[in-house]
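Student: kindly generate the corresponding structure for this input.
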Amino acid sequence: TIADNMLDHHLGAMNVAALERLTGHSDNVLRFGFTKGERGHHEAQKPLGLMSALIELVTTSGQMVLDPFAGSGSTAVAAKTLGRRYLAVERDETNYNIAKKRLEDAALRAKNT
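Tutor: Residues are numbered from 1 along each chain as shown. Predicted coordinates:
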C-alpha cells in the first residue's frame with residue numbers, strides 16, 4: 001500500500017516538504033528551465049533541474065532509475081549526480097554518443113568537486 005511504502009521507503013505519496021525544498025512552492029505545476037549551455041542536445045530534451053527534482057521526489061540514494069528512451073541522457077545524468085543507479089536505453093547512435101559524453105562530463109565534474 002502507499003502507507004507501507006511510505007513507512008518502509010519514505011516514498012509513495014506526495015512529499016510536500018521535499019517539493020517545497022526543490023521548487024520553492026507546493027503547487028503541482030513544476031517550472032524549470034535550462035541552465036546556460038545545457039540546451040540543444042535533443043529535440044525533446046528536459047532540463048536537468050526538472051529531472052533531478054522528479055528523481056529525488058520518487059527515489060532514494062542507491063535506487064535504480066530506468067529510462068527506456070534515453071535521448072541525450074538527461075535522466076541518467078540527473079540520476080548519476082544524485083547517487084542513483086541508472087539504466088538508460090537509446091537505440092539512436094548519435095543520441096547514445098551524446099548521452100555517453102554527458103555522463104562522462106558529469107563524472108568528471110563530480111570527481112573534481
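
Student: going by C-alpha atoms from here, please, whenever you check contacts or count neighbours.
Tutor: Will do.

Student: could you pull out the strands in the chain for me?
Tutor: Counting by DSSP state E, one finds strands in the chain at the ranges 64-67, 85-88.

Student: now tabulate these in CSV and tack on mean pLDDT and mean neighbour count.
Tutor: As requested, those are arranged in CSV below (pLDDT from 0 to 100; neighbours: other C-alpha atoms under 10 Å):
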stretch, mean pLDDT, mean neighbour count
strand 64-67, 96, 16
strand 85-88, 96, 16
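
Student: would you list those strands in CSV and tack on distance to residue 97?
Tutor: Below are the strands of the chain laid out as CSV (distance: least, C-alpha to C-alpha, whole Å):
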stretch, distance to residue 97
strand 64-67, 16
strand 85-88, 12
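
Student: who wins for proximity to residue 77 among these?
Tutor: Of all those, it is strand 85-88 that lies closest to residue 77, at 8.9 Å by C-alpha to C-alpha.

Student: so what secondary structure elements neighbour the longest helix along the chain?
Tutor: Secondary structure assigned by DSSP state H gives helix 93-111 as the longest helix of the chain. Packed against helix 93-111 by the contact rule (3 or more C-alpha pairs under 8 Å, 6 or more residues apart in numbering; DSSP states H and E) you find helix 74-81.

Student: now do the helix it packs on: which elements does it pack against?
Tutor: Counting contacts by 3+ C-alpha pairs under 8 Å, 6+ apart, helix 74-81 packs against helix 48-58, strand 64-67, strand 85-88, helix 93-111.

Student: flag the shaky bits of this structure, pLDDT-wise.
Tutor: 14 (pLDDT under 70).

Student: other residues contacting stretch 82-96?
Tutor: For stretch 82-96, the surrounding residues in contact (C-alpha atoms under 8 Å, 6 or more residues apart in numbering) are 42, 52, 56, 60-73, 76, 79-80.

Student: list the buried residues for that stretch?
Tutor: Neighbour counts using 16 or more other C-alpha atoms under 10 Å place 82, 84, 86, 88, 90, 95-96 of stretch 82-96 among the buried residues.

Student: gap between the two ends of that stretch?
Tutor: In stretch 82-96, first residue to last residue: 21 Å (C-alpha to C-alpha, to the nearest Å).
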